[in-house]
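*Asks:* Would you be able to build a 3D model of this:
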Amino acid sequence: MTFRPARRDTAVALGGLLAGAAVATAVAVAAWPGTAGSDAAASAARSAKAAASGPTPAPDPVNETLRPKEIVLPSQSPYTSGKIVVEPLRLTCGLSEVIGTHGEQEADGQYCLIRIALTADDTFTHTFDTHTTALTTTAGASIPVSYPAQEVERQPLEIAPVGSHDRYEFDIYYDVPRAATVNGFTFSDGEGGPTVRVPLPVRVWPFS
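*Replies:* Numbers count the residues shown, from 1 in each chain. Sure thing, here's the model as predicted:
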């Protein structure tokens, strides 16, 4: 008579064999060089190194777009004259000349420029003329817009019409005496609105 083990006995035997194989595999993995144990150690070392050096700061997108000598103006609430709203963005002084695609223009003193954002807070269109703007100095002078510099740099002398709730960003250039120090920007809507003064940071600009 041929002996055949019961199905239950066979299952128990196979279970024991599989359990033993799993234990043996775990021991071999732990002992084998370059496997999970060393990978975990390497990962821990990398984490410790990253923590010691600190996170890598992201590049500053503002500084990547600044032009020579240009500074970002302190954040302020927009200024309003009539229906014209102006937000000062950036300021530059100390430029001896401006160069455009079709010419160049030397300053009598130094060129300063202010970059502004302009909006018409109205359901109707309006006109903005740069001759209603000026830079003020610490000596009390008021410097008008430089039309030649505006033209060389292809910046608008006038925006007409300023669309309803549209936003425009552009530069306004001024030819300021070289010894003068700028301390403010003034504008009006040109339609009877008040002249508004925007304070600007007072600083010494290197001339070149």
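*Asks:* Please pull out the lowest mean pLDDT helix or strand from the protein.
*Replies:* The weakest-scoring helix or strand in the chain, judged by mean pLDDT, DSSP states H and E, is helix 7-31 (a mean of 44).
*Asks:* which residues in this protein form strands?
*Replies:* 71-72, 79-81, 84-99, 104-120, 126-129, 134-137, 142-144, 158-162, 167-176, 182-187, 196-199 (DSSP state E).
*Asks:* Mind listing the strands the last one pairs with, and their directions?
*Replies:* Put plainly, it is strand 196-199. Strand pairing for strand 196-199, using DSSP bridges, gives strand 182-187 (antiparallel).
*Asks:* hmm, who's touching the strand it pairs with?
*Replies:* 79, 81, 84, 86, 88, 91, 93, 112, 114, 116, 132-138, 142-143, 176, 195-200, 202 (CB atoms under 8 Å, 6 or more residues apart in numbering). C-beta coordinates here come from the backbone N, C-alpha and C atoms, glycine included.
*Asks:* Now the buried members of these.
*Replies:* Buried members of those, counted by 16 or more other CB atoms under 10 Å: 79, 81, 84, 86, 88, 91, 93, 112, 114, 116, 132-137, 143, 176, 196, 198, 200.
*Asks:* Any stretches of the protein with poor pLDDT?
*Replies:* 1-64 (pLDDT under 70).
*Asks:* wait, isn't residue 66 in contact with residue 89?
*Replies:* No - in this structure, residue 66 is not within contact of residue 89 by CB atoms under 8 Å, at 11.0 Å.
*Asks:* between those two, what contacts are shared?
*Replies:* With CB under 8 Å, 6+ apart as the test, residue 66 and residue 89 both reach residue 72.
*Asks:* circling back to that earlier point, tell me which of the strands of the chain sits nearest to residue 207.
*Replies:* strand 84-99 (4.7 Å; CB to CB).
*Asks:* Can you list the strands that the closest one pairs with?
*Replies:* strand 71-72 (antiparallel), strand 79-81 (antiparallel), strand 104-120 (antiparallel).
*Asks:* Could you look over those and pick the most buried one?
*Replies:* For those, average neighbour numbers computed from mean count of other CB atoms under 10 Å are highest in strand 104-120, which has a mean of 19.
*Asks:* and that strand with strand 158-162, angle?
*Replies:* With axes from the mean of the first three to the mean of the last three CA atoms, to 10 degrees applied, the angle from strand 104-120 to strand 158-162 works out at 20 degrees.
*Asks:* export the strands of the chain to a markdown table and tack on distance to residue 207?
*Replies:* Listed next are these as a markdown table, based on distance: least, CB to CB, whole Å:
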| stretch | distance to residue 207 |
| --- | --- |
| strand 71-72 | 16 |
| strand 79-81 | 29 |
| strand 84-99 | 5 |
| strand 104-120 | 6 |
| strand 126-129 | 30 |
| strand 134-137 | 15 |
| strand 142-144 | 16 |
| strand 158-162 | 30 |
| strand 167-176 | 11 |
| strand 182-187 | 13 |
| strand 196-199 | 23 |
